[in-house]
Each structure stands twice: as structure tokens, then as C-alpha cells.
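Trainee: curious how this folds, go ahead:
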Amino acid sequence: MGGVRKYVKARRKNAEKACKAMREKREEEKRKREEEERQRGEGGRTVENVTPGTSRDTPGTSRDTPPRTTPPPHNTTISSALKRKQYLQSKEEDTVVEDEYIIVKKSYLQDQFSQVSCSNCYGKLKTKYNHKFLDCLIEFECEDCGMRGKNPEVGNTPVTQSLIYSTMDLGLGRTGLDRFLGDMNMKPLARNYSYYQSLVTVAAKKKVTDIMTSAIPAIKQLYSEANGVYDIRVIYDGSWQKRGHTSNLAMGAVIEAETGLVIDYEIMSKYCEKCTKKENAVKRKTISKEAFEEWLVGHKEECKKNYEGSSGGMEAAAAVKLFGRSLEHNLRYKVFISDGDSSAYDAVCKMNDGEGP
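Mentor: Below is the predicted model:
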């Protein structure tokens, strides 16, 4: 939509230059009519001004001038002063925020575009909507001269990815997205949700990694160095996907105590969708157990399941992994700050035969 607004704005500037003279002429004719009416009211005689080469009843004279749609000028009459005041006090937003999205009713958008003319011949513009999943590219073409506006290509479909990220963030999934699109009378996403979900996941992981990488140099400025290692104070806490310690997913995070910057995190999972599907296939005897074992060897590197045990122990298991790799960042988590649950602290202290990390 940002590219469309810029295109329309640029074309409108050219059209306004050509229409400015026409508006000034209409204003001048209106002022003459008002002066004639005032003189008639005073009983005076008026002299009719007729454009050379035209008459009162021919098109192009003041009688055939269409009503003005532009805001009234400053030298307006008292009767239209209220309209001018209301126009000036109306709330408008001329600035364009590059990363901002808006939801607009298509019929309203079409009504606005129908009032825009071609900057080349002032002909009528034909609007074409090219849908790319949930993104929409709008193209203009003049019906008279055939001039077409340039539209920026959107290769990464930002609106689609933003909506899918929101459904993932809110825990709605594809079902929630389909319901939202149906309620809004928008086109469905069809069968591409999983594809875009993977794109969003990769982009989110990269963004998180970049943030944590840039946070480490800032944290090191607050502490003194000893043999290339910084002893720092950290906060550790874990969270589960759902309450009751029956969750298949949990995560733990290490946060620097002074700045609140996240240093590292670990996700613990008791579930892998691909493994579950294969195991169910073995139960249904659609594949053999030997075929499953062979498949599992190549699947281990991408398997999402990295924990076996009770859900309550996930927090402690994540802490052991995080504290065990702190030196990869040349950091040593010297001070451990956590909540009243001491399971994670005890698990860290038991590392390396009770010597700690």
C-alpha cells in the first residue's frame, strides 16, 4: 500500500497543476455571480460578463460550472465560513509510515481511486488488484492513453508473514487465521500456512540471534576481564507452554541482571511431530519397525524432541545446558538469581561431579 500511495500522490501533483487554473477560473466566475446578485438586491443595474466566443447557454460559461469540491478560499462569504472551519478542523494524516499497515474496505478504496485522473491525458484510470496470498498489489492503467503506473514488487509478502507471525504469537494457528479472514471477508490463505510458518520461524530465530549477539559486547562493558573471561550476574527463569507441569514444551532464559538483556535461551521439547507421525505409521503397520529405525538415524539432527522425563524437570535441564555453554561467549555466570524454585540452582551446582559449571 505504501508504494500505491506514493504513486497516487506523485501523479496527483501533476494533475493538480493542470486543474489549478480551472479552479481559479471557477472561483472567479462564482465571485462575479455573487457580485451580480448583490447588485440586484440593491436595485442596481448589472452588466453581464460573457466569455468571448460563448453565450450564457453554451457549455463552459458560469451557468454550467459544476459545484466546487475543493476547500473554500480565505476570501469566502459568510454563508460558507462554517464549512471552511469544519474542513480546516478535520483530522487528516498526510505522513506515510513505511512499516505501518492499515485495513481499508475495498469499495471505499475503489471510490477514492475513481476520483483520480491520468496525469498524461486526464482520462479515467482502471484499477487492477493483484492478490499474492494475503498481500495485494494495486496497478493503474489509463483507459484512454493506456499509460500504466509502476508498482514496486513485493517478493517477501510482508503482510502475509506479519499476520502469520501474529497467529503464532497469539497461539491461534491456522484455524484462528482462517476464522479471522472469514470474519473480515478476506481471501483465504489456502494451503500455504505451513510454508510461511517456516519462513517466519527462520526469520524470528535469526532476529533473536542478532539481538543476543549485539547484547554481549554491551554487557562486557559493565564487568572487568580476567584471562579473557567476564564474571557476570545473571537472572535465570523458565516457562512452560501451559500450566500444570503437563506441557510438552518449556524454555529457559539467561538474562543479565543489570541491563535486562537476554544472553541465551534453550527450548526443551518432549514432542516431535515427524517422529509421532512415523510412530503412528508403525502402529498401523504401514511401515516396518526396521524402516522406522533407518529413518530415525537421518532424522536425529533435525528432531525437535530433546528431553525425556517429567515436565517439571524441563526448567532444570535447560539451566544445565545454558550454564554449560556460557564460556562460548567468554562469560561466566558467577551470580545466580532466580525465584523460590531451587531445582534449577541445585541442578547447576551438581554439574561436573558437584563442582558446578
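Trainee: strand partners (parallel or antiparallel) of whichever strand or helix holds Met268?
Mentor: Applying DSSP states H and E as the criterion places Met268 in strand 262-269. When pairing is defined by DSSP bridges, strand 262-269 lines up against strand 249-256 (antiparallel).
Trainee: so what's the gap between the strand it pairs with and the chain middle?
Mentor: 27 Å (C-alpha atoms, centre = their mean, to the nearest Å).
Trainee: hey, where'd the helices end up in the stretch 101-250 of the chain?
Mentor: Along the stretch 101-250 of the chain, the segments classed as helices by DSSP state H, counting those that start in this stretch run 106-113, 158-170, 173-183, 193-220.
Trainee: before we move on, what about the stretch 251-357 of the chain?
Mentor: Using DSSP H, counting those that start in this stretch, helices in the stretch 251-357 of the chain cover 273-283, 289-299, 314-324, 343-349, 351-354.
Trainee: possible to save those as CSV with distance to Leu137, mean pLDDT and mean neighbour count?
Mentor: C-betas here are computed from N, CA, C, even on glycine. Supplementary listing: the helices of the stretch 251-357 of the chain in CSV, determined by distance: least, C-beta to C-beta, whole Å; pLDDT from 0 to 100; neighbours: other C-beta atoms under 10 Å:
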stretch, distance to Leu137, mean pLDDT, mean neighbour count
helix 273-283, 34, 92, 13
helix 289-299, 40, 91, 11
helix 314-324, 44, 93, 22
helix 343-349, 50, 88, 17
helix 351-354, 55, 78, 9
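Trainee: can you list those in JSON lines and add distance to Pro217?
Mentor: What follows is those, written out as JSON lines (distance: least, C-beta to C-beta, whole Å):
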{"stretch": "helix 273-283", "distance to Pro217": "37"}
{"stretch": "helix 289-299", "distance to Pro217": "37"}
{"stretch": "helix 314-324", "distance to Pro217": "19"}
{"stretch": "helix 343-349", "distance to Pro217": "25"}
{"stretch": "helix 351-354", "distance to Pro217": "27"}
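Trainee: out of the ones you listed, which is closest to Arg38?
Mentor: Among the helices of the stretch 251-357 of the chain, helix 273-283 comes nearest to Arg38, with 82.3 Å by C-beta to C-beta.
Trainee: what residues does that closest one touch?
Mentor: For helix 273-283, contacts defined as C-beta atoms under 8 Å, 6 or more residues apart in numbering pick out Ile287, Ser288, Lys289, Phe292, Trp295, Leu296, His299, Glu302, Cys303, Lys304, Lys305.
Trainee: average model confidence for stretch 189-206?
Mentor: The average of the pLDDT scores along stretch 189-206 is 85.
Trainee: may I have it as PDB, with CA atoms only?
Mentor: Provided in PDB are the C-alpha atoms of stretch 189-206 (Å, rounded to 0.1, in the frame of the first residue of the first chain):
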ATOM      1  CA  LEU A 189      -4.600 -18.400   2.600                       C
ATOM      2  CA  ALA A 190      -5.400 -21.800   1.000                       C
ATOM      3  CA  ARG A 191      -2.600 -24.400   1.600                       C
ATOM      4  CA  ASN A 192       0.400 -22.100   2.200                       C
ATOM      5  CA  TYR A 193       0.200 -21.600   6.000                       C
ATOM      6  CA  SER A 194       3.000 -24.200   6.900                       C
ATOM      7  CA  TYR A 195       5.300 -22.700   4.200                       C
ATOM      8  CA  TYR A 196       5.000 -19.200   5.600                       C
ATOM      9  CA  GLN A 197       5.200 -20.500   9.200                       C
ATOM     10  CA  SER A 198       8.600 -22.000   8.400                       C
ATOM     11  CA  LEU A 199       9.700 -18.700   6.900                       C
ATOM     12  CA  VAL A 200       8.600 -16.700   9.900                       C
ATOM     13  CA  THR A 201      10.300 -19.200  12.200                       C
ATOM     14  CA  VAL A 202      13.600 -18.900  10.400                       C
ATOM     15  CA  ALA A 203      13.400 -15.100  10.300                       C
ATOM     16  CA  ALA A 204      12.500 -14.900  14.000                       C
ATOM     17  CA  LYS A 205      15.400 -17.100  15.000                       C
ATOM     18  CA  LYS A 206      17.800 -15.000  13.000                       C
END
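Trainee: buried ones in it, by neighbour count?
Mentor: By 16 or more other C-beta atoms under 10 Å, the buried positions in stretch 189-206 come out as Leu189, Asn192, Tyr193, Tyr196, Gln197, Leu199, Val200.
Trainee: ok, and what's touching it?
Mentor: Phe133, Leu134, Thr157, Thr160, Gln161, Ile164, Tyr165, Met168, Arg174, Leu177, Asp178, Leu181.
Trainee: where does Asp99 sit: helix, strand or coil?
Mentor: coil (DSSP: H, G, I helix; E, B strand; the rest coil).
Trainee: Met251 versus that one, what's the distance?
Mentor: 28 Å (C-beta to C-beta, to the nearest Å).
Trainee: one step back: deepest-packed of the helices of the stretch 101-250 of the chain, please.
Mentor: helix 158-170 (a mean of 17; mean count of other C-beta atoms under 10 Å).
Trainee: for that helix, packing partners?
Mentor: Applying 3 or more C-beta pairs under 8 Å, 6 or more residues apart in numbering; DSSP states H and E, we find helix 158-170 packed against strand 135-142, helix 173-183, helix 193-220.
Trainee: what angle sits between the second one and helix 193-220?
Mentor: When axes from the mean of the first three to the mean of the last three C-alpha atoms, to 10 degrees is applied, the directions of helix 173-183 and helix 193-220 differ by 110 degrees.
Trainee: what pLDDT is listed against Met251?
Mentor: 92.
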